[in-house]
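Enquirer: coords below, sequence missing:
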């Protein structure tokens with residue numbers, strides 16, 4: 001466990017020693033703040049209108065404000081998460097430091113988990129910014145906290161899936177740009193696969209199940225379904241397994 005944490009710490013520090021962490025966190029904070037401001041403005045306008053018509057009681061801050069914001073922010077993650085994973089192994093292979101890592105007295109599992117936890121730490125740093133906005137809602141409103149916690153759980157699992165797959169793709173190329181582009185293309189495919197299935201009725205159930213965004217929707221409603229948990233955890237495990245196999249292959253080549 002000590003080796004895993006050491007690699008994770010090294011990986012996290014490398015993000016902040018380069019512009020990547022600041023660019024990713026900065027863009028995420030900017031876009032999240034924009035989506036939050038627009039949703040809040042719309043919600044306040046609807047509340048005032050409903051109050052004039054005597055229907056203010058029907059307004060639900062969780063469903064009409066927080067949920068749309070979270071759904072919009074998943075689009076931001078689609079573009080930003082490839083930036084986190086594209087350099088993870090590609091830069092190591094380009095600079096030759098991967099050989100030092102593979103010849104050190106640590107296992108492939110420790111390498112993979114360390115890099116995964118380092119990437120997750122940066123992702124969680126992004127999400128931590130959104131707590132400020134949630135604090136504003138609790139200061140001036142009465143949102144339900146349980147659906148919010150459930151939505152954050154979905155966000156963590158959603159991002160972990162993308163990161164595990166991004167690590168695998170990064171381990172296949174020495175070029176960061178290639179790794180980032182391919183990662184984005186694969187993420188986008190998993191995003192729209194349910195749309196593809198709508199034109200192919202025979203595979204509609206399969207494509208709906210494989211869609212990474214469809215499983216996230218229930219979390220934004222405050223619903224924890226075991227089928228969604230199994231999907232995300234299986235996805236993460238499979239992504240890390242493929243990454244470990246790629247690292248093992250690189251070790252044998254060395």
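Expert: Sure, I can see it. The structure displayed is predicted, hence computed values, not measured ones.
Enquirer: What segments of the stretch 101-250 of the chain are helices?
Expert: 108-140, 145-170, 176-198, 204-210, 214-220, 226-253 (DSSP state H, counting those that start in this stretch).
Enquirer: Poorly predicted segments of the stretch 51-200 of the chain, please.
Expert: 51-59, 96, 197-198 (pLDDT under 70).
Enquirer: hmm, back to that, of all the helices of the stretch 101-250 of the chain, which lies closest to residue 102?
Expert: helix 226-253 (4.7 Å; CB to CB). Backbone N, C-alpha and C define where each C-beta goes, glycine included.
Enquirer: From the contact counts, what lies against the closest one?
Expert: helix 97-103, helix 108-140, helix 145-170, helix 214-220 (3 or more CB pairs under 8 Å, 6 or more residues apart in numbering; DSSP states H and E).
Enquirer: With respect to residue 31, which of those lies nearest?
Expert: Among the helices and strands packed on helix 226-253, the nearest to residue 31 by CB to CB is helix 108-140 (10.7 Å).
Enquirer: Can you list the buried residues in that closest one?
Expert: Neighbour-count burial for helix 108-140 flags 108, 110-120, 122-123, 125-127, 130, 133-134, 137 (criterion: 16 or more other CB atoms under 10 Å).
Enquirer: Would you point to the one among the helices of the stretch 101-250 of the chain that's packed deepest?
Expert: helix 145-170 (a mean of 22; mean count of other CB atoms under 10 Å).
Enquirer: what's the angle between that helix and helix 176-198?
Expert: Relative orientation of helix 145-170 and helix 176-198, computed by axes from the mean of the first three to the mean of the last three CA atoms, to 10 degrees: 120 degrees.
Enquirer: Distance from the chain centre to helix 145-170, please.
Expert: The chain centre lies 4 Å from the centre of helix 145-170; the measure is CA atoms, centre = their mean, to the nearest Å.
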